[in-house]
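**Q** Kindly return the folded structure for what I paste below:
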Amino acid sequence: MPRIPSKRAWLLAGALAASAAIVLSGCSATGSDSDSADGGTITWAIEGANLSAGHMDPQTSQLDVSAMVQRNILDSLVYQDADGSFVPWLATSWQISDDGLQYTFELRDDVTFTDGAKFDAAAVKANFDRIADPATASAQASSMLGGDYYAGTEVIDDDTVRVDFTQPYAPFLQAASTALLGFYSPEVLATKADQLAAGGPDINVGTGPFILSEYTPDQEIVYTRNPDYDWAPKTSEHQGAAGVETVRVEILPESSVRVGALQSGEADVASQLPPSATEQLGDDVTVNSIELPGIPYSLYLNEKYGVFQDVLVRRAFERGFDIDSAVKSIFFGQYPRAWSVLGPTTPDSYDASLEGTWPYDPDEANALLDQAGWTQRDAEGYRVKDGQRLSARWIAYTPIPDDRASLANAIQSDLKEIGFELKREVLEPGAYNEQYGPKTFDLTDWGFSGVDADVLRSHLHTDGFQNASQVSDPQIDSLLDQAVAASDPAQREALYTQLQQWNAENVAIVPLYVPSLITAVNDSVTGLTYDLYGRPLFYGASSTK
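**A** Numbering: from 1, shown residues only. Below you'll find the model as predicted:
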């Protein structure tokens, strides 16, 4: 059986040390010295099905996979260590003004982009202003830059830059540590910005340890070592050029194919695996399962459309299917059932008091639906009111993993028992967006990872870019605004507890399970590490093949 270090990698507030231990036990974190052998080639199998649909640019894409692969080329101002602290990366130091409105960064003066352009304060400004520009149509990265709170970036001198906000923005350092706020060459931004989403060599150009050298959409991305790289975070055990010469990313949407590639030796690393895959791997494979912070895989109920406009129906829906049994059987006990709109590993935020407070209860669900007036049944056993069947339409975005399809079937079956019809439509991205944009659906689904609980702002704020539930409540907006401005962890935790309690009462979002990013690695790879999202980092890795 493969070694599985843990299904849960705790992050902050005393838990991040455990995360580091899990990563270290799962796969050696010791990078090879820069003067070692060339490190060979590592072939990495990922799902990656939607990268070719304009998701090669983390500054504009909301898909985790975009940041996961492009971290190879994109560096950040700061690096977040396993204990949650921030250390210098492209910035050597920083200061935060007493009022929390300004972050001033001193930059390294020896960093170049792989096209030869110099990294300096002007490059920081060009990237941040591009993200904030409405014409860029950035969503997640723009929100992480502060959204409406971002007031601009000022060049103080070549090596000093100041980022201004209209109100205190506490999550900025965490956001600035991610690939979404990483940096492209200013030459690219000036001449090829409109090609970044499609991606390719000489387009996605950063300062990172690798160069994107080949790209065949829906098939393969090839990253080759940047020989000039010498500006890794000081806490990195590996320094200098990357330990591996080439990272070959194979795009294999079917998880069974990724497992097969790993078993056959065609792949050395495979990510985005389902829990069932771990049973198929041999003793020469290490499995790292790192529980994701942020919003668990959840159902988003549209409060402004159809039957979910009634909070009684939302509550009945939530109690009307057996989440525990379905999650336990479908995910082999490796994913915990979710109780809150924030996962347990989300720092300074998780409300553990919600655990066990809304179990499967078909009797209560039936009583709530009776109270809401859905007292009659039609010939098929579904509830009706005023001649209308109690029905909701669930739109889902392809590709759909088999385990999530099984979960949906279980939910549909349980809801039918209480007379609630749930119709699921699996849509290609274009067709999905045609309904998602105008919000002409009853519910949809996703998980959304984020190390900072500010991820709720994009999902529950009136102006949130991922507000699929169409929540619009001045009190909720105020709580979210206060939380994003609070620098005191205890104050932030209290505010996010209120938000979680509100959702438990109002049921805008139904959390189902807390996913992990599962990566399997064969024994030819050493030095692979992981970020706080569980994404593999290849900088210090090498291969004996």
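
**Q** For T444, grab the count of nearby residues.
**A** 23 (other CB atoms under 10 Å). To be clear about C-beta, it is placed using only N, CA and C from the backbone, and glycine gets the same treatment.

**Q** One more: S52?
**A** 16.

**Q** again, but for A123
**A** 24.

**Q** Secondary structure element holding it?
**A** helix 121-132 (DSSP states H and E).

**Q** tell me the contacts of L537?
**A** Listed by CB atoms under 8 Å, 6 or more residues apart in numbering, the contact partners of L537 are 71, 528-531.

**Q** For it, give me the backbone phi and psi.
**A** Main-chain dihedrals, L537, degrees, to the nearest 10: phi -120, psi 120.

**Q** Number the chain from 47, please
**A** New numbering, starting at 47: the last item is L583.

**Q** tell me the pLDDT at it?
**A** pLDDT recorded at L583 is 98.

**Q** most surrounded residue in the contacts of L583?
**A** The residue in these with the most neighbours, by other CB under 10 Å, is L574 (29 neighbours).

**Q** That one and Y585 touch, don't they?
**A** No: proximity of L574 to Y585 does not meet the contact threshold set by CB atoms under 8 Å, at 9.5 Å.

**Q** ok, which stretches of the stretch 47-196 of the chain are helices?
**A** 62-72, 110-116, 167-178, 186-190 (DSSP state H, counting those that start in this stretch).

**Q** packing partners for the longest one?
**A** What it means is helix 167-178. Secondary-structure packing of helix 167-178 (3 or more CB pairs under 8 Å, 6 or more residues apart in numbering; DSSP states H and E): strand 148-153, helix 186-190, strand 196-203, strand 206-211, helix 232-237.

**Q** low-scoring stretches of the chain, by residue?
**A** 47-84 (pLDDT under 70).

**Q** domain ranges for it?
**A** 47-95+264-334+563-591, 340-560 (automatic domain parsing).

**Q** Just put the ones you listed in TSV and tack on distance to M190.
**A** Formatted as TSV, the domains of the chain follow (distance: least, CB to CB, whole Å):
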stretch	distance to M190
domain 47-95+264-334+563-591	13
domain 340-560	8
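
**Q** between these, which gets nearest to A183?
**A** Closest to A183 of the domains of the chain is domain 340-560 (CB to CB; 10.3 Å).

**Q** so what's P263 closest to, chain neighbours aside?
**A** S98 (3.7 Å; CB to CB, 6 or more residues apart in numbering).

**Q** Pull the number of nearby residues for the residue nearest to D248 when sequence neighbours are not counted.
**A** Distances taken as CB to CB, 6+ apart place D161 nearest to D248, at 7.3 Å, with adjacent residues excluded. Per other CB under 10 Å, the neighbour tally for D161 reads 14.

**Q** in terms of contact, does D161 touch T253 like I think?
**A** No: look at D161 against T253 with CB under 8 Å: they stay out of range, at 10.1 Å.

**Q** can you give me the helices in the stretch 397-546 of the chain?
**A** 408-417, 448-463, 475-482, 503-506, 520-531, 535-552.

**Q** how long is stretch 362-379 from one end to the other?
**A** 26 Å (CA to CA, to the nearest Å).

**Q** ditto for stretch 495-511
**A** Terminal-residue distance, stretch 495-511 (CA to CA): 15 Å.

**Q** Enumerate the positions of that stretch that are buried.
**A** 495-507, 510 (16 or more other CB atoms under 10 Å).

**Q** closest to L541 among these?
**A** A499 (8.8 Å).

**Q** which residue is nearest the centroid of the chain?
**A** Centroid-nearest residue in the chain: S495, 3.3 Å away (criterion: CA atoms, centre = their mean).

**Q** So it versus Q108, what's the distance?
**A** 11 Å (CB to CB, to the nearest Å).

**Q** can you check Q528 too?
**A** For Q528 relative to Q108 (CB to CB), the value is 25 Å.

**Q** repeat for F494
**A** From F494 to Q108 the distance is 8 Å (CB to CB).

**Q** mind listing what P299 touches?
**A** 93-95, 445.

**Q** again, only this time at 10 Å
**A** 92-96, 264, 318, 444-445, 447 (CB atoms under 10 Å, 6 or more residues apart in numbering).

**Q** again with Y215
**A** 142, 146-147, 149, 190-193, 195-197, 209, 221, 500, 530-531, 533.

**Q** buried subset of those?
**A** Applying 16+ other CB under 10 Å to the contacts of Y215 flags 142, 146-147, 149, 190-193, 195-197, 209, 221, 500, 530-531 as buried.

**Q** so which pair among those residues is furthest apart in space?
**A** For the buried ones among the contacts of Y215, with distances taken as CB to CB, the pair at the greatest spread is I142 and G193 (18.8 Å).

**Q** Give me the secondary structure label for A307.
**A** helix (DSSP: H, G, I helix; E, B strand; the rest coil).
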